[in-house]
Structures are given as structure tokens and as C-alpha cells.
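> predicted model follows, preceded by the sequence.
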Number of protein chains: 2
Amino acid sequence: MKIKIDSPLDMHLHLRDEDMLKVVAPLSAQTFSGALVMPNLIPPITTKEQLLDYKNRIEEAKKYNNFKPYMTLFFKSDYTYEFLKEIKKDILAIKLYPAGITTNSEDGVANFSIDVLSPVLEAMSELGIVLSVHGETNGFVMDREAEFIPIYEKIAKRFPKLKIVMEHITTKEAVKALDEYENLYATITLHHLYITLDDVAGGLLRPHLFCKPIAKRPEDRMALRKVAFMAHPKVMFGSDSAPHPRYKKEAPGCAAGVFSAPVALAALAQIFDEADALESLQKFVSQNAQKIYNITPPRKEVVLEKEEFLVPSSYENVVPIFANETLRWKVVDVL
Amino acid sequence: MKIKIDSPLDMHLHLRDEDMLKVVAPLSAQTFSGALVMPNLIPPITTKEQLLDYKNRIEEAKKYNNFKPYMTLFFKSDYTYEFLKEIKKDILAIKLYPAGITTNSEDGVANFSIDVLSPVLEAMSELGIVLSVHGETNGFVMDREAEFIPIYEKIAKRFPKLKIVMEHITTKEAVKALDEYENLYATITLHHLYITLDDVAGGLLRPHLFCKPIAKRPEDRMALRKVAFMAHPKVMFGSDSAPHPRYKKEAPGCAAGVFSAPVALAALAQIFDEADALESLQKFVSQNAQKIYNITPPRKEVVLEKEEFLVPSSYENVVPIFANETLRWKVVDVL
């Protein structure tokens, strides 16, 4: 059995920089048509110069021409309207991180009062720039996303024309919020469709499945699967593929992040196939995002076949999800 | 400030075997007066010969004379009354593991129907042998203990004269069950008084804090602290100190277990002091267990002082909880 996916998009991707960028950019560019690139470098991307320089480094590293990096800016509450107006054509979204909540987010937002955020959100709403959000509080690890929902709601109500993407959602509470606010959207990762906390810490401890937000409960995964497998029009695939070198994952103080980009399409085909939902995959990995972000990515046809795919133990020094496991679907051609 | 603890007892201890036994037995024997030694070796302790041989190996390894290893047998549903009657004088308890639930528990109980368990439980009840239980189902990792409570209740009701110890409890549900059934008792570890899942996986991933049952939610820890700090007469200290060599902890597939025995008394003094509950410590670490198990351990006086104690980075090849951290209490003398 074969399927063809047109112009797959990864709407939440960490490409990192320097050597790591050179390893991972081609692995995304090979099978994806475009990706929304996260800005949490050190320092984070907050100026036009940083943004264009980073985009150039990505273009140089990517190796496949028909791959478009869609850029994001790191949210700061002191951006001016003029700055945002000028940078609008170079970005698809501005990514808001609560301070200290994940890798390289130390410079994020510490104060979520509407007064502080309003000027920038007002400008984004007027200019039609999407707000992309890592929605976690600093509460107990299993509650962080659900506790953040009221903040999503507050912003969604106050700025009804602002498109807000709840990134890498992991809970039934976030899925519920999707249908309650017209301007809330979401990305869902590959790994949160597959795993729960049981896979991370229920048997032996598996650092390569440790990520933020942490994988939640079975009923949360069920809620995510439901909207993904029906290609709910407000959800998009975003891998949150977050490479760390092996030595940072396989040691005490393991960094958060699952590296999934090179296996994402095959693993998505497998899980959608198992759910008898293959007909939804095209929308989940491309059309929904095209509509939400109003983009037309480069043409690329990816052919997947139901055939065994032994996932490599690593890509250079980065260990992917499903390393050394055999998937039942495989990318067999890219046109 | 100084305090003195008479004959401290660790009512749940893994001493392992061979080289590891030689490393860890003296570390417990140095400051504890006795310990209930778990039987989950490979193969598990199920015969009198194995039991006495293991006890001899512990006696040879312990290096301090005033330390008594209280032995346990690994629960099997086919023990005969005659066997139990004969072995009674050599053991304090029989430890029941659900099959496959933790380290070396593959030979545990797979079928919890009362019909299967009754003959042995009946005999234990009649002979006055304590039933020690690792109470977890094979459900979702955060629910396993709470899901097991009905099994505790079923056994407690059916065998009202059988003393049942819920080992290393981690949830408010287990704490609640303590007061609802006269014959339910519990051990509480050092680490479950200190940590929640946040400490294991809320920031970076910390394999040395990964254990089974996994650390739970803040409200669960609060419930444990409450009964520990008041020295609730049905709770006892049991470290569940579970050494693994460093290479097994600091690698993907990290084994479950926190190694705490050598720092337990200092860390307990610290947390009881912080809670203004030092006057309960003696009962929690000795008297309660003496009453519940009806034992008189060897005399040993441990003097602790409020003084900085830099915890070693490792004891041989085993990394303790609080490695390289400074505790505020220290064992200064053992008489």
C-alpha cells in the first residue's frame, strides 16, 4: 500500500544553530516542504538582523531547495508597532515563552498581566501576525498546561482577531479550549500522539522520550488522537523535534526534547493507518496549516509505502525517537 | 543543637548481594540498629536454605556487630502451612510483589484472586507473620498505587488478624486507607517525604531520583509528611534504599531505585527539624516499628548535630540521593 502526501509542513521545529543546524536542517528539508522554525537560540531571535542571518544559515544548511523555513521572532513585550510592521513580511509568527519554562527560554515573559502584553498583542492583532505560545505555568509538571488555559482564554477574549496557536498541546483541557474560542489553534507533535508518561517513566526511565511539555495521561493522549485523526481544522502537525547531542540526553540532568523530524512522516503514516485515519493525514500535515497561516509552501510530493523501516540508532550524534525500532511505514520517494 | 536517636530501624531495605552487598551493608549497619531486608534477589528468597545463606552473607558483610538483619521471604501462593510454621522464627515478614512491577519481581503474584492467595494468607494470619506488600497495579504510572488500594482493603477485611504493611506509600489514598483498616500499616521512605514528580522530571530529568513507586503530586507528599511528622503509630520509616551501580542509573533504560541508606538519618533529622517535628523522629524511625513488629533491636545510640554535611558524590560506584549537596544535619557519633 502506498500513499502520497503533498507538501508536508512541520509547524513547530527546532533547527538549533551551527553544527547541530547542519545535521538536522537537511533531515527536515528532505521530506518536508516547509517548517515553522522556533527562535529560542542563545541569544533568542529578537532583531531583524538576527532573524535574517539565522534564515540565511538555515538556507545554507538545508541542502534541499524545495524547503521553506518560515521564521518566528521571540516574543518581547517591548517591541514597537513600527518594528513589527517592518518585520511582518519576514515572519509567520511571534513565539511567546514563559520565562525559564523550557530550553533557552530564560528571556521569556515573566509577567502575564494584560497591561504588559497588550501593546504588542494589539499590534500583532492589527498586523495579522500569529501568536505562537508555549503554554505552561511553572506549577506541578503534570498540571502546567491545564493551568495555563485561563491565560490562553484571557488573551483569546481580549484579542478576538489575533490568531493564537497553542503549541505542542498535551492535554484534554487544551483540546477542549480549541472548540471554545474561535481564535485558538493548536499544533500536536508526533510523540504526544504516541506516548504517555508511562513510556517515559512507567518502566525503565527513557531519557530520549523526556520532553516539555511532559507526556501526560492516557485520556489526554486519547483527546489529542481524536482531533488529529479527524484532522480537526484547527490542529496542525508540529513535530517540536528538538535535537540534543547524545551526551546531553544520556546523562543525569538530561535535557528536554524528543528528536523526531527524520522519522515523523513514516511514524505519522503508521499511527494514522492503525487508526484507520489515513485520509486525514494530508490535512493534518499540510492543508490545515496552509489555511491557518495562509501560506503556499513549495511543491513536494512524498510517497510513503507500508514497508518496514528500521530507524537508525542515531543521526550523527543525535538519537531519534524509535531508534533501532522498526516502523511499518517508510518514505520511499520524494518528488 | 544535638539530638540522640535510640536504635534506629530501617523497615524496608535492599541490600542486594555479592559485591554490592559488601558496599552497602556496612553503610546501613553503621547507623541503623536493624533493617527489614527485602528478598528480591535473583532468584528470589523462597526457601529456608536461601534465606539462611543470605542472612549469613549479610552478617559477614555488615562490619558492625550491633546491626540486626530482619529477614523476609518472597511471597509465593504455594507455600505450605508446615513450611511457614517452620520458617516463622527466621523471618519477620513475607513480601508480596505483583509480578513484574519492580526490580527482580518477575516471579511475583500475577493473580490476586482471594482463592489463590487465601491458603498462605490464612496460615500467615494464624502464625502471626506480617504481610509486606509492594502495592501497585500495572496501570498508568501515577495511578498504580491508588488503584491497588482496593486489593489492600480486600485482604485487610478478609484477614482482620493479619498485619499488612503497605510498603513505601506515596499517595494520599494510601494514607487514608491507614485509618480505615485496623490491620493496615505503612512504611514511608526518605525520598517520598522530600520529592515529587517535579523533582524527577519537572526541570531536567534526574535519574537518581527515579524510583518505584514513582514520586507523586504535592498533595500526596503533604499527606505523607503529615503522618510522618506526627509519628502516626501505624507508620514506620523504611528507606527502600535501592542501590544500582552508576552505569545502570546514568544511561537510557535507567533502573528504578533511590540509594538513601547512608544519608537517611541526617536527611530525616533535617526535614523533621524544618517541620518542627524533631520530637516525632524517634518514634518514626524506631518505636513504631518495634511495636508493630514486636521486636527489640540491638542497642545503638546515634547522635546527630545540626552541622553541615557534604554528601559524597558516590559510595564506591553507587550515587546517593543528595550527592554533592550539603545537608544541615549530620551523624556525629554512634554509641
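Ah, there it is.

> switch to C-alpha atoms for all contacts and neighbour counts from now on
Noted.

> can I take it that residue A:165 is in a strand?
Yes: with DSSP: H, G, I helix; E, B strand; the rest coil as the criterion, residue A:165 is located in a strand.

> isn't it up against residue A:185?
Yes: proximity of residue A:165 to residue A:185 meets the contact threshold set by C-alpha atoms under 8 Å, at 4.6 Å.

> quick one, phi/psi of the closest residue in space to residue A:323 that isn't next to it in sequence?
In this structure, residue A:323 finds its nearest non-sequential neighbour in residue A:313, 4.6 Å apart by C-alpha to C-alpha, 6 or more residues apart in numbering or on different chains. Backbone torsions for residue A:313, taken as degrees, to the nearest 10, come to phi -70, psi -30.

> in this structure residue A:313 contacts residue A:321, no?
No: taking contacts as C-alpha under 8 Å, residue A:313 lies outside contact range of residue A:321: 9.2 Å.

> count of residues packed around the residue nearest to residue A:166 when sequence neighbours are not counted?
Counting by C-alpha to C-alpha, 6+ apart, residue A:166 lies nearest to residue A:186, which is 4.5 Å off, once chain neighbours are set aside. Each residue near residue A:186 was counted by other C-alpha atoms under 10 Å in any protein chain shown, and the total is 25.

> chain B contacts on chain A?
When proximity is defined as C-alpha under 8 Å from any C-alpha of the partner chain, chain A approaches chain B at A:140-141, A:197-198, A:201-202, A:204-208, A:210, A:214, A:217-218, A:250-256.

> ok, 7 Å please
A:140-141, A:198, A:202, A:204-207, A:250-256 (C-alpha under 7 Å from any C-alpha of the partner chain).

> tell me how many other residues surround the residue nearest to residue A:323.
Neighbours of residue A:313 (other C-alpha under 10 Å): 15.

> over to residue A:151?
16.

> try residue A:81
Residue A:81 has 17 nearby residues by other C-alpha under 10 Å.

> give me the pLDDT for it.
On pLDDT, residue A:81 comes in at 98.

> tell me which stretches of the stretch 201-335 of chain A form helices.
For the stretch 201-335 of chain A, the helices defined by DSSP state H, counting those that start in this stretch cover A:218-229, A:246-249, A:264-274, A:278-282, A:288-293.

> next, the buried residues of the shortest one.
What that stands for is helix A:246-249. For helix A:246-249, a neighbour-count test (16 or more other C-alpha atoms under 10 Å in any protein chain shown) marks A:246, A:249 as buried.

> if we can go back for a sec, give the contact list for the residue nearest to residue A:166.
Counting by C-alpha atoms under 7 Å, 6 or more residues apart in numbering or on different chains, residue A:186 touches A:165, A:166, A:167, A:169, A:234, A:235, A:236.

> hey, what's it bridged with?
Beta-bridge pairing of residue A:186 under DSSP bridges involves residue A:166, residue A:235.

> identify the farthest-apart pair in the residues of chain A next to chain B.
A:140 and A:250 (24.1 Å; C-alpha to C-alpha).

> out of the two, which sits in the more crowded spot?
residue A:250 (22 against 16).

> wait, the more buried one sits on residue B:249?
No: the pair residue A:250 / residue B:249 is not scored as a contact, 10.0 Å apart, by C-alpha atoms under 7 Å.

> contact partners of the longest strand seen in chain A?
Longest strand in chain A by number of residues (criterion: DSSP state E): strand A:68-74. The contact list for strand A:68-74 (C-alpha under 7 Å, 6+ apart) reads A:33-40, A:44-46, A:90-96, A:297-298.

> 6 Å instead?
A:34-39, A:45-46, A:91-95 (C-alpha atoms under 6 Å, 6 or more residues apart in numbering or on different chains).

> so which bits of it are buried?
Buried residues in strand A:68-74 (16+ other C-alpha under 10 Å): A:68, A:69, A:70, A:71, A:72, A:73, A:74.

> stretch A:36-44 too?
So for stretch A:36-44, counting by 16+ other C-alpha under 10 Å, buried means A:36, A:37, A:38, A:39, A:40, A:41, A:44.

> nearest residue to the fifth one other than its sequence neighbours?
Distances taken as C-alpha to C-alpha, 6+ apart place residue A:104 nearest to residue A:40, at 5.6 Å, with adjacent residues excluded.

> mind saving the C-alpha coords of the longest strand of chain A as CSV?
The C-alpha coordinates for strand A:68-74 follow below in CSV (Å, rounded to 0.1, in the frame of the first residue of the first chain):
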residue,chain,number,x,y,z
LYS,A,68,11.0,26.8,3.1
PRO,A,69,11.9,27.9,6.6
TYR,A,70,9.1,30.0,8.0
MET,A,71,10.6,32.2,10.6
THR,A,72,9.5,33.3,14.0
LEU,A,73,10.5,36.0,16.4
PHE,A,74,11.0,35.6,20.1
